[in-house]
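> Output the structure for:
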Amino acid sequence: MAPERPEAGFARIGVGAVEVMAVGEEELLDHVAEGWRRGHGGAIVTANVDIVRAATRDPALADLVTRSEIVVADGMPVVWASRLAGLAVPGRVTGASLVHSLTGRAARENRSVYLLGGEPGVPEAAARVLAERCPGLRVAGTCSPPFGFDGTPDGVRAVVEEVVAAAPDLVLVGLGFPKQERVIEALRAELPDAWYLGCGAGIPMAAGRFSRAPGAVQRVGAEWLYRLALEPRRLARRYLRDDAPFAITLLAGALRTRLTPGRRS
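Residues are numbered from 1 along each chain as shown. The predicted structure follows:
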């Protein structure tokens, strides 16, 4: 008989087409550790503005997010929108931070981690950094999948088989949304007891390929400006043309939710 899978009993509220949960990072780590002990896994989505925007425009992507056990607010506009709508979100829970905190908890729980994503050599470099910072961490394996692997069933199958053969307890998947969430679904069908984190650029960050903004910049919600300064050609269109206007719409919609009786989740 399969072990009972307890619901993640965190309060939640709709932000765009995504239901964000009021859970802090330490509480999330405790939930994952309890899942390991009870023999159940799950998927974690770190919902930033870009993910919320994509899910709000595409119902299939919204459903993809909904099928994950945990959805946290990654990005201050998402935190602000949640609070405006009436949910006491403790703060940001980012993929980049969870890469370190989840592997730290995995080491304490004698669990193994697998790193999937990044250019050749990057997941290996990240694994070395994480192992140095987390004594006792067991690295089950790493994989830098070839470009376009997700375009064919055989390509996805090869990656899934490689991860499943390693039998990790935690899988960090840094392929970008929604590719990483789709790969996670394929992995969960074969390895349901593991926990999965869609961490975007969290693997190259852990490898030291580029850094996060200083803490003060993060706290005021300006990390996107720091990232934009580092990668203007890649991020300008996404941040300035797509995400910034959507963030304003998101905040306005959250305020309407707060002021309209009966609309809260």
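> what helix or strand is residue 245 on?
According to DSSP states H and E, residue 245 maps onto helix 244-259.
> buried ones in whichever strand or helix holds residue 126?
Counting by DSSP H and E, the element that carries residue 126 is helix 122-133. By 16 or more other Cβ atoms under 10 Å, the buried positions in helix 122-133 come out as 122-127, 129-131. C-betas here are computed from N, CA, C, even on glycine.
> what distance separates it from the centre of its chain?
Chain-centre distance of helix 122-133: 19 Å, with Cα atoms, centre = their mean, to the nearest Å.
> Show me what that helix is packed up against.
helix 95-108, strand 112-116, strand 138-143, helix 202-206 (3 or more Cβ pairs under 8 Å, 6 or more residues apart in numbering; DSSP states H and E).
> what ranges do the helices span in this protein?
Secondary structure of the chain by DSSP state H: the helices cover 25-38, 49-57, 59-66, 76-85, 95-108, 122-133, 153-166, 179-190, 202-206, 215-219, 223-230, 232-236, 244-259.
> then the fifth one to CSV, C-alphas only?
Extracted in CSV, the C-alpha atoms of helix 95-108 (Å, rounded to 0.1, in the frame of the first residue of the first chain):
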residue,chain,number,x,y,z
GLY,A,95,15.0,29.0,-6.3
ALA,A,96,18.6,30.3,-5.9
SER,A,97,18.3,30.2,-2.1
LEU,A,98,16.5,26.9,-2.0
VAL,A,99,19.3,25.3,-4.0
HIS,A,100,21.5,25.8,-0.9
SER,A,101,19.0,25.4,1.9
LEU,A,102,17.4,22.2,0.5
THR,A,103,20.8,20.6,-0.1
GLY,A,104,21.8,21.6,3.4
ARG,A,105,18.8,19.9,4.8
ALA,A,106,19.4,16.9,2.6
ALA,A,107,22.9,16.5,4.1
ARG,A,108,21.4,16.7,7.6
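> Make TSV out of the helices and strands packed on helix 122-133 and add distance to residue 151 and mean pLDDT.
Shown next, in TSV, are the helices and strands packed on helix 122-133 (distance: least, Cβ to Cβ, whole Å; pLDDT from 0 to 100):
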stretch	distance to residue 151	mean pLDDT
helix 95-108	24	97
strand 112-116	17	98
strand 138-143	17	98
helix 202-206	21	95
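> Now distance to residue 244 too, for these, in CSV please.
Converted to CSV, those look like this (distance: least, Cβ to Cβ, whole Å):
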stretch, distance to residue 244
helix 95-108, 21
strand 112-116, 31
strand 138-143, 34
helix 202-206, 23
